[in-house]
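# sequence plus the predicted model coming up.
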Amino acid sequence: MAANMFRQCPDSGLFFHKSAESLMKAHAVFGVVYLLLGGFLGLLVALTRMPSLHILNAEDFYLALSIHGTAILIFWIIFFEMAVLYFASSTLLRSRPATPGIGWVGFLLMVIGSTLVMVAFFRGNSSVMFTSYVPMPAEPIFYLGLILFAVGALIGCFIFLATLVVAKQEKTYDGSIPLVTFGALTATIIAIFTIASGAVILIPTWLWSLGFISHIDPLMYRTVWWALGHSSQQINVAAHVSIWYAIAAIIFGAKPMSEKVSRTAFLLYILFLQLASAHHILADPGVSSTWKVFNTSYAMYLAVLASMVHGLTVPGCIEVAQRKKGFNNGLFEWLKKAPWANPVFSAMFISLIIFGFIGGITGVVMGTEQINLIIHNTIFVPGHFHATVAVGTTMAFMAITYFLIPVLFRRQLIWPNACKWQPYLFGGGMLILSLFLLGAGTLGVPRRHWDINFSDAALQFQFAGTAITMMGIAGLGGFLAAMGGALFCLIAVGSLVFGKRLDPGASLFSSFGFPMAASCYNIERPGKLGLAPVEQTGDGGIQAKGTFVLALVFLAAFVVYFFINAKYLSSIWPMG
Amino acid sequence: MSILPPSQKIWWKEPIHGIEMMWIIIALIWCLVLFAWMPYWHVYGKQNLSNESYKTAPEVFEGKANAMAKAHTVRTDPKSNIPVVHPPAGSDVYMLGRLWQWWPILELEKDKTYRLHLSSLDWQHGFSLQPTNINLQILPGYETVVTITPDQSGEFAVVCNEFCGVGHHTMLGKIYVK
Amino acid sequence: MQRNEHQESNQEEEPVPGMQQLLDNPFMLLFLGVLFPTVFYILWGIMEIISIPAVK
Ligand code: HEM
Ligand SMILES: [Cu+2]
Ligand SMILES: [Cu+2]
């Protein structure tokens, strides 16, 4: 393979292979298109769930919610993840991607599949939510579209694995693969299980919709479907944790506190994270408590342990790097002096904090077998996953996009001031949305529900006034978040179209006045990707004390919130 | 640098930071507490998920619900025309979900224990008892049996919290506790 | 097996610890990552669903 297929980014020193570069661009751009569509419908959904506005009629609401969930959770996230896989394999290992031609076939399948699903939605007979629980039927092209999309994504996963093999054979790097690539490998492995489960359930369901199969068992459907639905969220976790590590390296030159610990944590993800698909089956009949307890706890919470470890080591490695730079006063100088105006950092850090403190804690609490009784299918659930996937994953992807626009697309970011504020607008709006959905859910407000005042129902029921108020405030938060999301799409697309083309050698992010880590910046690299430099001083003396304090605060919040909910559970009708 | 290969070829033997190790131990202990809490609550807690369920058919379940209603209807709700059923304390009681109602309306006695049978005749529904906030997934073809002891009196609503088509938000049932 | 392909460092003389070998082996990880959830979640779950008794 000719060396001239590579381009070195003169600022970051990263190497891009031409074919991988175009694949990354195509996937990322398509992803953003779905983010825009899904975000717009999210706004309509949020405003409809504001009892005082209630803007859509029932039919449109259920359609909009079906599209919102599918376009944003499945299409935006997975398109972008494919771009991350090409980045983590081809770019970070400085290898040619294996079979880029087939990569385009995968991309095309994803485009066709997602388009078919959208066509099914807009024809109006497939407002079944992204979960499409049988026996509520959607049109056959809905299932077919999902299947094609999944096959396309599966192809991307295999190309990632094949690229690891190519890089190893062609010896493009020394030693072990970088931690970020290892995290992407974790995501890929989970994705392969996820997509296989999806095929096992969606292909029969498609045949059922065509009339070739007479019956799909609803419990079987739910169990296998959630191996797809929940595991796909675990792909996101692995992917965004990898991005956190990548950004810590890019902005701070941080090295992992310990390769051994971080990689073992990823191994725990590989083994146990996917078991938590059982979260969704806790309130179902038929499966035993033994199965529920073992699976919902990821085999004794070992995957939660892994997340708690990443939650310490990511900010911890940033702290160590900052302290080495001299921000060594007190517990938190390292954090105060972090580049809060740099959206690459701020978006990543907001992603980390909200994912952990809100998404993580609420997720474990509602995934506790019995506590799920007071939470299943309430609006608490969307409150939880907007903290995980809309902040955790989406903001991590936004952060890396701010980095990739100059590095990959070689365009200057437009509107530097808007770039500075966008993460706070989106993150802040989402925080409000999440918290108030969580609150309303605690009071029993159902999810996926057009009218919690039950005006058209034959019987009457009134939710507590607080619940109604909280839905209203959540809607305001949703509005702010949607503005932040729209601003992101404008900046991203605007920069690609109108952003100044960067000359080779233009210093990256010149418009912001913040550099990347010196170790990342304009480095000359030898023909082969060498090992990371060994730190001269060693970091034996420098401890991540501030991070440890943050971790203890987190633990305290976790314990308190858990037992509050246990107490709440003990107040409902005795049952068994 | 996490975006470069590890600086040691053999990184497995590198020592672990003190703070990292301490956190791993603390986190592991908390994880084990969380895990132990679930079996603990099965033994000592009063609110648990039912492990009793059966495969059934819509006609069969509807038949049982009809039989109960026939024997114990005390009046009919005027607006919805749904019968209000007052089954004997401690008996087997039935509530079915269908597009878009919970049927029938139940009248239960406070602090008496009932075996509540739930199933759906058509699509999936969500049994969400408000405001006490008990939430169960209801599937067609499966009958869940929950042993339940209402310990508050009053009027309770059964909201459907699983999306079940355009009438989903009108699907509301009632349980009275006296 | 590929130890002799690297010339430089003397670290190479040491055998790679077993856990590191596992973590460096994507296909072994893929195997484990599919095996665990398939056995514990899918197969066990399906067995339970199949064995739900019919109502009397
Ligand atoms: C742009 C701002 C957003 C707003 C205002 C918003 C608002 C909402 C609201 C209010 C709901 C709950 C509706 C209900 O259950 O009745 C919802 C559902 C949902 N949202 Fe968002 N959201 C936004 C962004 C996102 C993002 C970025 C993601 C994921 C990447 C996401 C994923 C979902 C999913 C999966 C559902 C569940 C759909 C279902 O129940 O089928 N949302 N959204
Ligand atoms: Cu319903
Ligand atoms: Cu419903």
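Perfect, I can see it now. Ligands and ions are numbered 1, 2, ... in the order given.
# going forward, measure contacts between C-alpha atoms and count neighbours the same way
Will do.
# in this model B:Met171 seems to touch B:Leu99, though I could be wrong.
Yes. Counting by CA atoms under 8 Å, B:Met171 is a contact partner of B:Leu99 at 7.4 Å.
# between these two, who's got more neighbours?
Each of B:Leu99 and B:Met171 has its neighbours counted (other CA atoms under 10 Å in any protein chain shown); B:Met171 has more, 24 against 18.
# how far out from the middle of the chain is stretch A:72-83?
9 Å (CA atoms, centre = their mean, to the nearest Å).
# briefly note if that stretch comes near ligand 1.
Yes. Applying CA under 6 Å from any ligand atom, one finds stretch A:72-83 in contact with ligand 1 at A:Ile72, A:Leu73.
# do the same with stretch A:484-493
Yes. Between stretch A:484-493 and ligand 1, judged by CA under 6 Å from any ligand atom, the touching residues are A:Gly485.
# how close does the residue nearest to the spatial centre of chain C sit to ligand 2?
Taking CA atoms, centre = their mean, the centroid of chain C lies closest to C:Leu32, which sits 2.4 Å from it. To ligand 2, C:Leu32 is 40 Å away according to CA to the ion, to the nearest Å.
# same check, this time on A:Val553
Using CA to the ion, one gets 41 Å for the distance from A:Val553 to ligand 2.
# spatially nearest residue to A:Val365 (excluding sequence neighbours)?
Distance criterion CA to CA, 6 or more residues apart in numbering or on different chains; nearest residue to A:Val365, sequence neighbours excluded, is A:Phe562 at 5.9 Å.
# could you report the neighbour count for the one you found?
As a burial measure, A:Phe562 scores 20 neighbours (other CA under 10 Å).
# show me which residues of chain B sit near chain C.
B:Lys9, B:Ile10, B:Trp11, B:Trp12, B:Ser53, B:Tyr54, B:Lys55, B:Thr56, B:Glu143 (CA under 8 Å from any CA of the partner chain).
# need those residues in JSON lines (columns: secondary structure).
Listed next are the residues of chain B next to chain C as JSON lines, based on DSSP: H, G, I helix; E, B strand; the rest coil:
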{"residue": "B:Lys9", "secondary structure": "coil"}
{"residue": "B:Ile10", "secondary structure": "coil"}
{"residue": "B:Trp11", "secondary structure": "coil"}
{"residue": "B:Trp12", "secondary structure": "coil"}
{"residue": "B:Ser53", "secondary structure": "strand"}
{"residue": "B:Tyr54", "secondary structure": "strand"}
{"residue": "B:Lys55", "secondary structure": "strand"}
{"residue": "B:Thr56", "secondary structure": "coil"}
{"residue": "B:Glu143", "secondary structure": "strand"}
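# okay but B:Cys31 is in contact with A:Leu302, surely?
Yes. In this structure B:Cys31 lies within contact range of A:Leu302 using CA under 8 Å: 7.3 Å.
# tell me where the model's unsure across the chain.
Using chain A. Counting by pLDDT under 70, chain A contains low-confidence residues at A:1-4, A:504-541.
# hm, I was asking about chain B
Applying pLDDT under 70 to the predicted model, the residue ranges of chain B that meet it are B:1.
# the residue in chain C positioned nearest to ligand 3: what's it in contact with?
Nearest residue of chain C to ligand 3, counting by CA to the ion: C:Ile49, 23.7 Å away. Contacts for C:Ile49 (CA atoms under 8 Å, 6 or more residues apart in numbering or on different chains) come out as A:Leu219, A:Met220, A:Gly286, A:Val287.
# of all the residues of chain B next to chain C, which two lie farthest apart?
Using CA to CA, the residues of chain B next to chain C span at most 60.3 Å, a distance reached by B:Lys9 and B:Thr56.
# in three-state terms, label A:Ala341 for me.
Following three-state DSSP, A:Ala341 is assigned to coil.
# please apply the same query to B:Glu162.
Secondary structure of B:Glu162, reduced to three states by three-state DSSP: coil.
# and for it, the neighbour number?
Burial of B:Glu162, expressed as a neighbour count using other CA under 10 Å, amounts to 25.
# ditto for A:Gln460
Counted by other CA under 10 Å, the residues lying close to A:Gln460 total 14.
# and the closest residue to it other than its chain neighbours, its phi and psi?
The shortest distance from A:Gln460 to any non-neighbouring residue, by CA to CA, 6+ apart, is to A:Phe454 (6.6 Å). Per-residue torsions, A:Phe454: phi 50, psi 40 (degrees, to the nearest 10).
# likewise the one 3 residues further on?
Comment: the main-chain dihedrals of A:Ala457 come out as phi -80, psi 150, following degrees, to the nearest 10.
# which ones are touching the nearest residue to it once chain neighbours are set aside?
Setting aside the residues directly before and after it, A:Ala457 is nearest to B:Thr170 in space (CA to CA, 6+ apart), at 4.2 Å. Shown in contact with B:Thr170 (CA under 8 Å, 6+ apart): A:Phe454, A:Ser455, A:Asp456, A:Ala457, A:Ala458, B:Trp100, B:Gln101.
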